[in-house]
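Colleague: Structure of the sequence below:
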Amino acid sequence: CHNTSTTAHMTSDPKMTAPAYQHVVVSKPNDCPGVTVVALNRPRKRNAINSTMWKEIGHVFTELTYSPDDIRCVALVGNGNSFCAGIDLSDPSFGLVDAGSVSADNDDDEDDDDNSTSNDVARKASRFRPKILEMQTAFTALEACPVPVVAIIQGFCIGGGVDLITAADIRICSPSAVFSVREARLGLAADVGTLQRLPKIVGHGSRVRELVFTGEDFGSAEAARIGLVSRITTSDETLFREGLDIARRIASNSPVAVRGSKLSLNYSRDHTVADGLEHIATHNAAALITDDLMNSFAGKDGDASRFAPTGPSARL
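Modeller: Prediction:
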């Protein structure tokens, strides 16, 4: 993987591209077997996420689970100068259902079916909640994807962009990257993953609360210091190459071992140590019965062809 551009030496995946997706591009680097690249593709909008892109992100990562291809790692990138500028606030699809305030006269109109249905706050909330859950599910698809997801971040990663990358397994960024948990400055609490996942990545201490409550912009050095990213690349120009190299190295290992490791890490994060040990014991009771153990010693290190494909996941 020696490319420095997200468009160089790529082969599109005909099963997962146009006409299915308008704002997400799925491709495969020709010299990185087992690696799939998912690119956010609204560069003129700094990859701000509109409702269409939001749905496409969830669909892409769900379908990767069932792909017949030998996918062992996913690199998530943003085309253009920025990774993601957050939610596209110009998209009316993100507005509140039946926006408006409850009339002060409603107390006198309890028998008015129209008013009680359209203006009742509890009913509005009941209708709007499924949309929030749907948006959460789209980003959780990265976490649920059975193979590791490496987020490769340049430029702005704001608001919804932070929600997105916290659902990835590994995050690296360029020296010029800028992050912000921007929601508080926009009048809302982040509700699609940042408040739940970011503290588990960087810790529950004072700094994460400062970032959330102030909406402060912070750069690559601070992102690395608190552990949001695992590394800052040598330069902006080498970002994609270095990110793909991580993905290639992951893809060269046993897919049984890597998938099992991700499964255990995610489970153990949300359970006690004792529960995590029990979980991996049950998993490895079956997963250790594999040719991958012998093949890891028999072949050349870094050669993905040592290990057989896992095949597509079963589905109804």
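Colleague: CA-only coordinates of stretch 62-82, as CSV, when you get a sec.
Modeller: Only the C-alpha atoms of stretch 62-82 are listed here, as CSV (Å, rounded to 0.1, in the frame of the first residue of the first chain):
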residue,chain,number,x,y,z
THR,A,62,-24.1,-3.6,7.4
GLU,A,63,-23.6,-5.0,3.9
LEU,A,64,-19.9,-5.4,4.4
THR,A,65,-20.8,-8.0,7.0
TYR,A,66,-22.5,-10.1,4.3
SER,A,67,-20.1,-9.4,1.4
PRO,A,68,-19.0,-12.5,-0.5
ASP,A,69,-15.6,-10.8,-0.9
ASP,A,70,-12.7,-11.5,1.5
ILE,A,71,-12.9,-8.3,3.5
ARG,A,72,-10.6,-8.3,6.5
CYS,A,73,-10.2,-4.6,7.3
VAL,A,74,-12.1,-1.4,6.3
ALA,A,75,-10.4,2.0,5.9
LEU,A,76,-12.8,4.9,6.4
VAL,A,77,-11.8,8.1,4.7
GLY,A,78,-13.3,11.5,3.7
ASN,A,79,-12.7,12.6,0.1
GLY,A,80,-11.5,16.2,-0.2
ASN,A,81,-9.8,18.4,2.3
SER,A,82,-11.8,17.4,5.4
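Colleague: Check which residues of that stretch are buried.
Modeller: In terms of neighbour count (16 or more other Cβ atoms under 10 Å), stretch 62-82 has its buried residues at 62-64, 67, 70-80, 82. Using the backbone N, CA and C atoms, a C-beta is placed for each residue, glycine as well.
Colleague: Filter these down to the ones in helices?
Modeller: 62, 63, 64 (DSSP state H).
Colleague: count of residues packed around residue 89?
Modeller: Using other Cβ atoms under 10 Å, residue 89 is surrounded by 12 other residues.
Colleague: wait, what's in contact with it?
Modeller: 48, 186 (Cβ atoms under 8 Å, 6 or more residues apart in numbering).
Colleague: ditto for the one 5 residues further on
Modeller: Under the criterion of Cβ under 8 Å, 6+ apart, the contact list for residue 94 reads 51, 87, 88.
Colleague: returning to what we had before: farthest-apart pair in the buried residues of stretch 62-82, please.
Modeller: Greatest spatial distance among the buried residues of stretch 62-82 (Cβ to Cβ): 70 and 82, at 31.2 Å.
Colleague: picking that back up, including distance to residue 26, could the ones in helices among the buried residues of stretch 62-82 go into a markdown table?
Modeller: Putting these into a markdown table (distance: Cβ to Cβ, whole Å) gives the following:
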| residue | distance to residue 26 |
| --- | --- |
| 62 | 13 |
| 63 | 9 |
| 64 | 8 |
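Colleague: between those, which is closest to residue 32?
Modeller: residue 64 (15.4 Å).
Colleague: pretty sure that closest one is touching residue 36, no?
Modeller: Yes - the pair residue 64 and residue 36 qualifies as a contact (Cβ atoms under 8 Å) at a distance of 6.7 Å.
Colleague: Which neighbours do these two have in common?
Modeller: 71, 74.
Colleague: residue ranges of the strands in the stretch 51-200 of the chain, please?
Modeller: Secondary structure of the stretch 51-200 of the chain (DSSP state E, counting those that start in this stretch): strands at 73-78, 149-153, 156-158, 170-173, 178-180.
Colleague: Convert the fourth one to PDB, retaining C-alpha atoms only.
Modeller: Taking only C-alpha atoms (Å, rounded to 0.1, in the frame of the first residue of the first chain), the coordinates of strand 170-173 have been written out as PDB:
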ATOM      1  CA  ILE A 170      -8.600   2.700  15.200                       C
ATOM      2  CA  ARG A 171      -8.200   6.400  14.500                       C
ATOM      3  CA  ILE A 172      -5.200   8.200  12.900                       C
ATOM      4  CA  CYS A 173      -5.000  11.700  11.800                       C
END
